[in-house]
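Student: kindly generate the corresponding structure for this input.
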Amino acid sequence: MENLKEDFDSLVAKSALSDDVDRRGFLKTALGTGFAAAVLPVCAQSVVKTDTHGLDAGTVTIEVDGQAVPVYRAQPAGKKNLPVILVISEIFGVHEYIADVARRFAKQGYLALAPDLFVRQGDPTRYTSIAELQKELISKVPDAQVMKDVDAVVAWADKNGGNPKRLGITGFCWGGRITWLYAAHNPQVKAGVAWYGRLVGNKTELQPSYPVDIAASLKTPVLGLYGGKDAGIPVASVAEMQQALAQGSSKSEFVLFKDAGHAFHADYRPSYVEADAKEGWLRCLAWFKAHGV
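Tutor: Next up is the predicted model:
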């Protein structure tokens with residue numbers, strides 16, 4: 001992985017990373033309406049804000065089996081044949097943080113697409129606790145539905161300036177789990193980056209497998225970015241996933257940020273760890289570059 005190290009080192013060297021980043025607060029996106037009450041209080045003073053200068057950004061709608069699925073899209077203005085990054089949200093849906101992540105990828109030259117994968121089940125911002133949100137909405141979202149919706153997003157990208165031969169996927173928390181599963185589902189995916197997605201868990205009819213179940217058969221390289229102090233995803237489950245991956249040939253890897261907890265990249269939450277979030281972002285970009293996305 002010498003090339004990956006070179007890519008990471010070069011990105012670190014450039015990492016004055018931003019006329020595009022400021023910390024003055026956040027704006028609402030066309031798709032999201034802010035942050036779910038379940039995650040308040042937010043830390044507005046530490047929110048990264050990426051502008052749309054030089055980008056085409058906003059909401060598009062894709063129809064899947066008669067259902068209109070909103071997708072936040074960001075890409076360099078006027079460009080075609082772009083590498084594609086699928087950005088999969090946390091349980092809180094596609095709000096400003098997820099839209100901003102999409103814009104960050106667009107600034108790097110990607111067509112970034114963040115679909116609302118909960119549109120059939122409801123609005124995450126209606127719930128005032130994570131437990132209620134999990135029970136009433138997230139548990140009712142079938143994995144098969146998610147795979148089909150994301151497939152439709154990839155097909156849309158192919159017809160709208162994206163190059164599906166340079167396809168990557170990344171996701172956070174709930175979206176981290178989906179990143180592993182979709183990388184196994186779609187052989188078009190060249191690489192994935194999973195941010196603290198659950199690796200093992202209780203299977204249900206709607207969610208019949210976890211990343212550990214597909215690890216041995218996985219062909220796509222996935223980088224797992226996880227927190228060593230994540231109470232919900234213990235280090236033991238990371239070790240279990242690594243053992244399962246060792247039975248296969250995907251060449252997936254983990255980076256464990258030993259002092260970070262869950263959601264350390266979520267710059268609108270108290271869990272945000274700035275140094276680890278920045279390093280994780282650079283490793284994410286280097287991983288996609290090294291694997292041809």
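Student: how much space between Ala68 and Val60?
Tutor: 10 Å (CB to CB, to the nearest Å). In short, each C-beta sits where N, CA and C put it, glycine included.
Student: those two: who's more crowded?
Tutor: Val60 (16 against 10; other CB atoms under 10 Å).
Student: surely the more buried one is in contact with Val69?
Tutor: No. Using CB atoms under 8 Å as the test, Val60 is too far from Val69 to be in contact (9.5 Å).
Student: between the two, which contacts overlap?
Tutor: Counting by CB atoms under 8 Å, 6 or more residues apart in numbering, no residue touches both Val60 and Val69.
Student: which neighbours do Ala68 and Val60 share?
Tutor: By CB under 8 Å, 6+ apart, no residue touches both Ala68 and Val60.
Student: all helices of the stretch 51-200 of the chain, in order?
Tutor: Remark: helices assigned in the stretch 51-200 of the chain by DSSP state H, counting those that start in this stretch are 96-107, 130-136, 143-159, 174-185.
Student: residues in contact with the third one?
Tutor: Meaning helix 143-159. Helix 143-159 is contacted from outside by 60, 62-65, 69, 71, 84, 86, 88, 111, 113, 115, 117, 120, 164, 167, 169, 178, 181-182, 185-186, 188, 206-209, using CB under 8 Å, 6+ apart.
Student: if you set the cut-off to 7 Å instead, what comes out?
Tutor: Contact with helix 143-159 is made by 62, 64, 69, 71, 84, 86, 111, 113, 115, 117, 164, 167, 178, 181-182, 185-186, 188, 206-208, as judged by CB atoms under 7 Å, 6 or more residues apart in numbering.
Student: hey, C-alpha coordinates of it in CSV?
Tutor: Extracted in CSV, the C-alpha atoms of helix 143-159 (Å, rounded to 0.1, in the frame of the first residue of the first chain):
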residue,chain,number,x,y,z
ASP,A,143,-32.0,-3.3,3.2
ALA,A,144,-33.3,-4.5,-0.1
GLN,A,145,-35.1,-1.2,-0.7
VAL,A,146,-31.9,0.7,0.1
MET,A,147,-29.9,-1.4,-2.4
LYS,A,148,-32.5,-0.8,-5.1
ASP,A,149,-32.7,3.0,-4.4
VAL,A,150,-28.9,3.3,-4.5
ASP,A,151,-28.8,1.3,-7.7
ALA,A,152,-31.2,3.8,-9.2
VAL,A,153,-28.9,6.7,-8.1
VAL,A,154,-26.0,5.0,-9.8
ALA,A,155,-28.0,4.6,-13.0
TRP,A,156,-29.0,8.3,-12.8
ALA,A,157,-25.4,9.3,-12.5
ASP,A,158,-24.5,7.3,-15.6
LYS,A,159,-26.9,9.4,-17.6
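Student: can you map out the strands along the stretch 101-250 of the chain?
Tutor: 111-115, 162-172, 189-195, 222-227 (DSSP state E, counting those that start in this stretch).
Student: Leu55 versus the residue nearest the centre of the chain, what's the distance?
Tutor: Nearest to the mean C-alpha position of the chain, counting by CA atoms, centre = their mean, stands Gly171 at 1.8 Å. Gly171 sits 21 Å away from Leu55, going by CB to CB.
Student: and if you look at Phe92?
Tutor: 23 Å.
Student: who has more neighbours out of these two?
Tutor: Phe92 (28 against 20).
Student: mind checking pLDDT for that one?
Tutor: Phe92 carries a pLDDT value of 94.
Student: can you give me the neighbour number for Lys229?
Tutor: 15.
Student: roughly how far does it sit from Leu181?
Tutor: Taken as CB to CB, the span from Lys229 to Leu181 is 25 Å.
Student: over to Leu285?
Tutor: Leu285 is 23 Å from Leu181, by CB to CB.
Student: so between the two, which is more surrounded?
Tutor: More neighbours surround Leu181 than the other of Leu285 and Leu181, with 27 against 21 (other CB under 10 Å).
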